[in-house]
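Engineer: Requesting a structural model of the entry that follows:
(chains A and B)
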Amino acid sequence: MSSELLQFLLSGITVGAIYALVGLGFSIIYNASHVINFAQGEFVMIGGMGTVFIASAGAPFPIAMIGAVLLAVVIGISLQKLAIERARHASVVTIIIITIGASIFLRGLAGVIWNRDFHSLPAFSGEQPIHVAGAVIVPQSLWILGVTVAVAVALFVFFNRTMIGKAMLGTAHNPFAAKLVGINTNNILILSFALAAALGAIGGILIAPMAPTHYQVGIMLGLKGFSAAIVGGLGSGPGAMVGGLLVGIAEALAAGYISSNYKDVVAFVIILLVLFFMPSGLFGSRASERV
Amino acid sequence: MKGATVASRYGGVFVLAVIVAVLPWFLPNSFYFDVVINSGIAAIVCVGLNLLIGYAGQISLGHAGFFALGAYSSAILTDNLGWPPIVSLGSGLLVVALLAFAIARPILRLKGHYLAMATLGMGIIISIVLNQEVDLTGGPDGMPVSSFSLLGQEVDSELGWYWIVGGSLIITVWLALNLIDSAVGRALRAVHGSEVAAQVAGVDTTRYKILIFVVSAVLAAYAGSLFAHYTGFLTPSEGSFFRSIEFVTMVVLGGMASVFGSVIGAAILTALPQFLTVFHDYEHVMFGLVMMLTMIFMPKGLLPSLRNWINKRTS
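Structural biologist: You can find the predicted model right below:
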């Protein structure tokens, strides 16, 4: 393998891990509520920007990071309680417009309350690059991959080994049956928004030292996360992980070998191709539609 | 009953025509003309988009892409190739119609969230291309557009633009109302109610959805072309995701499946940021709030809700 190709793969996997985290958030909310939360990207923005501004108020970085994740969680729960829940019986178009409205609202608020400049976080453990077979990797990449793997393992344990995780899966399969066996599906909805918000915020914090954060950063990261979720099959956890890596790698290869100007197009071309030709994605279930 | 609806339909067009005819006497200066002309341009897009969202029940988060394609076709063909503006306009509409037709079939097979994402993806791809093809479009810095001329007569006055946009809007509304009342409109309402039921009843739902998609795309491109010549300068932000959202918000605020609602929604959301300068910083916040609050508390939108309220009061 040429060192150039290895370099592209490494950077693709790094950003792909972030897309995977965002994509997982999409899938978790979709499973619980069959809503696609267009505001998912804003949680990523809140993670990065929140950390920057809490830290600039004097808090040490670890505290600032936890604060930013909590902030995203509170906003995620508010979004569910104040907006989505009130429109529970509305049409899909209505709910789409509500979540888009929420995303523009949050973005605008961030631009006004914080500011519209670019901000960077310091790398978690230095910037000394590590050389691997002719390619270079920065320590932050290792942090991103490590945290993503840890999150994936934690989620696996949560969904397969804990009662509450199983309750979430049950609600995803059949909300009515879940209610019958005594699962409080309302709490499951709140939990899923909280979890998705936390995942997005973690992604936003991890990427901020490598790509500066900005009040509008959530648009692209959110959409690419969606692209990850859809490639893997909406609602599938492992699908979102694999999808994220695939989108990240495709983007890095396109930037390296075709044109870096059109890097951002890759995710959207993937969205269209998957939707047109393989709407249930790689790992999605092929459900027949109820009329 | 039938007579009453026909009367109210053309009554509406008549009222709109009267408003357009007398409004210039009430506009004190060019600032007001500018706001009204921009409202009219947005209204043309929204009337078309509402046919798709409100009547056919298919969302599009990428109509600014068609708007921008219309605008840039006019700009590039007129200024770079020296074509007469009216020929550029026609060619632009043809290109957009063909493009919309080509992507309509695969895109409209999708539903709900998937359709939203696909149209959004399409819009963003168009916007990225406009940003990157610097030789053609000037890239993020934008490009100048020469003024519109017809039969050797250059349109350079605000009043001239006012009549062009006003006349276009009246015709657009009239066409939309006719379309809604035709067999196409009935089929679309059936699609909105239940697509499967409509298919079972023998309605070729795909054909009608494609037709409306193309019509709404062409209307957006037409408005974009007028916009390009009117403002004289284009930037890729005209095709941005936020611009698409603005159009959807206007439709939603005015009222889904209400043609006149779209005109009102477009006018309100174009005028508000111009008159309330505080809006400038809070533009995103306000748009987001309008979208959420309208959908939660007034999902039918302004005009239909108002009509219900009046009906309740009078009966």
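Engineer: When you work out contacts or count neighbours from here on, use the C-alpha atoms and nothing else.
Structural biologist: Fine.
Engineer: Relative to the whole chain's centre, how far out is the helix or strand encompassing B:Gly121?
Structural biologist: B:Gly121 belongs to helix B:112-132 when assigned by DSSP states H and E. Its chain's average C-alpha position is 17 Å from that of helix B:112-132, according to CA atoms, centre = their mean, to the nearest Å.
Engineer: who does it touch, helix- and strand-wise?
Structural biologist: With contacts taken as 3 or more CA pairs under 8 Å, 6 or more residues apart in numbering or on different chains; DSSP states H and E, helix B:112-132 sits against helix A:92-113, helix A:265-277, helix B:63-75, helix B:85-108, helix B:241-254.
Engineer: What's the local residue count around the residue of the stretch 51-200 of chain B found nearest chain A?
Structural biologist: Evaluated by CA to the nearest CA, the stretch 51-200 of chain B has B:Gly121 as its residue closest to chain A, separated by 5.1 Å. The number of residues packed near B:Gly121 is 24, by other CA atoms under 10 Å in any protein chain shown.
Engineer: quick one: low-confidence parts of the stretch 1-150 of chain A?
Structural biologist: Within the stretch 1-150 of chain A, the stretches with pLDDT under 70 are A:1.
Engineer: residues from it in reach of chain B?
Structural biologist: Within the stretch 1-150 of chain A, the positions adjacent to chain B are A:36, A:83, A:86-87, A:92-109, A:112 by CA under 8 Å from any CA of the partner chain.
Engineer: quick one, what contacts the residue of the stretch 51-200 of chain B closest to chain A?
Structural biologist: By CA atoms under 8 Å, 6 or more residues apart in numbering or on different chains, the residues touching B:Gly121 are A:268-269, A:271-272, B:62.
Engineer: Generate a markdown table for those residues, with pLDDT, neighbour count and distance to A:Gly200 as supplementary columns.
Structural biologist: Shown next, in a markdown table, are the contacts of B:Gly121 (pLDDT from 0 to 100; neighbours: other CA atoms under 10 Å in any protein chain shown; distance: CA to CA, whole Å):
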| residue | pLDDT | neighbour count | distance to A:Gly200 |
| --- | --- | --- | --- |
| A:Phe268 | 89 | 23 | 20 |
| A:Val269 | 90 | 17 | 23 |
| A:Ile271 | 85 | 27 | 20 |
| A:Leu272 | 88 | 24 | 23 |
| B:Gly62 | 92 | 30 | 25 |
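Engineer: Specify which member of those is nearest to B:Trp174.
Structural biologist: B:Trp174 lies nearest to B:Gly62 out of the contacts of B:Gly121, by CA to CA, at 24.5 Å.
Engineer: Just give the number of residues close to the nearest residue to the closest one once chain neighbours are set aside.
Structural biologist: Once flanking residues are discounted, B:Gly62 sits nearest to B:Gly123: 4.1 Å by CA to CA, 6 or more residues apart in numbering or on different chains. B:Gly123 has 26 neighbours, counted by other CA under 10 Å.
Engineer: before we move on, what about B:Phe260?
Structural biologist: B:Phe260 has 22 neighbours, counted by other CA under 10 Å.
Engineer: With A:Val181 instead?
Structural biologist: When neighbours are counted by other CA under 10 Å, A:Val181 registers 10.
Engineer: hmm, the longest helix seen in chain B in reach of chain A?
Structural biologist: Scanning chain B for the helix with the most residues, using DSSP state H, yields helix B:205-231. No: interface with chain A: helix B:205-231 contributes nothing (CA under 8 Å from any CA), its closest point being 15.4 Å away.
Engineer: List the buried residues of that helix.
Structural biologist: Neighbour counts over helix B:205-231 (16 or more other CA atoms under 10 Å in any protein chain shown) mark B:205, B:208-230 as buried.
Engineer: ok, and the residue nearest to the spatial centre of chain B, which helix or strand is that part of?
Structural biologist: Geometric centre of chain B, nearest residue: B:Val45, 1.0 Å, by CA atoms, centre = their mean. B:Val45 is part of helix B:30-50, with elements assigned from DSSP H and E.
Engineer: and what of B:Val173?
Structural biologist: helix B:158-181.
Engineer: just checking, what packs against that helix?
Structural biologist: Using 3+ CA pairs under 8 Å, 6+ apart: helix B:158-181 touches helix B:2-22, helix B:30-50, helix B:259-275.
Engineer: What residues sit buried inside it?
Structural biologist: For helix B:158-181, by 16+ other CA under 10 Å, it's B:161-162, B:165-166, B:168-170, B:172-174, B:176-180.
Engineer: Can you tell me the SS state at A:Val136?
Structural biologist: Secondary structure, DSSP: H, G, I helix; E, B strand; the rest coil: A:Val136 is strand.
Engineer: now it, nearest residue through space, not along the chain?
Structural biologist: According to CA to CA, 6+ apart, the nearest residue to A:Val136 is A:Ile130 (5.6 Å).
Engineer: do the same with A:Ala32
Structural biologist: A:Ala172 (4.9 Å).
Engineer: cool, B:Gly185 as well?
Structural biologist: B:Leu179 (5.7 Å).
Engineer: is it true that that neighbour touches B:Arg186?
Structural biologist: No: B:Leu179 lies out of contact with B:Arg186 (CA atoms under 8 Å); the separation is 9.1 Å.
Engineer: rewinding a little: for the helix or strand just after the helix holding B:Gly121, give me every contacting residue.
Structural biologist: Downstream of helix B:112-132, the next assigned helix or strand under DSSP H and E is helix B:134-137. Residues outside helix B:134-137 that contact it (CA under 8 Å, 6+ apart): B:72, B:76, B:130-131, B:140, B:143.
Engineer: in helix B:134-137, what's buried?
Structural biologist: Residues of helix B:134-137 classed as buried by neighbour count (16+ other CA under 10 Å): B:Thr137.
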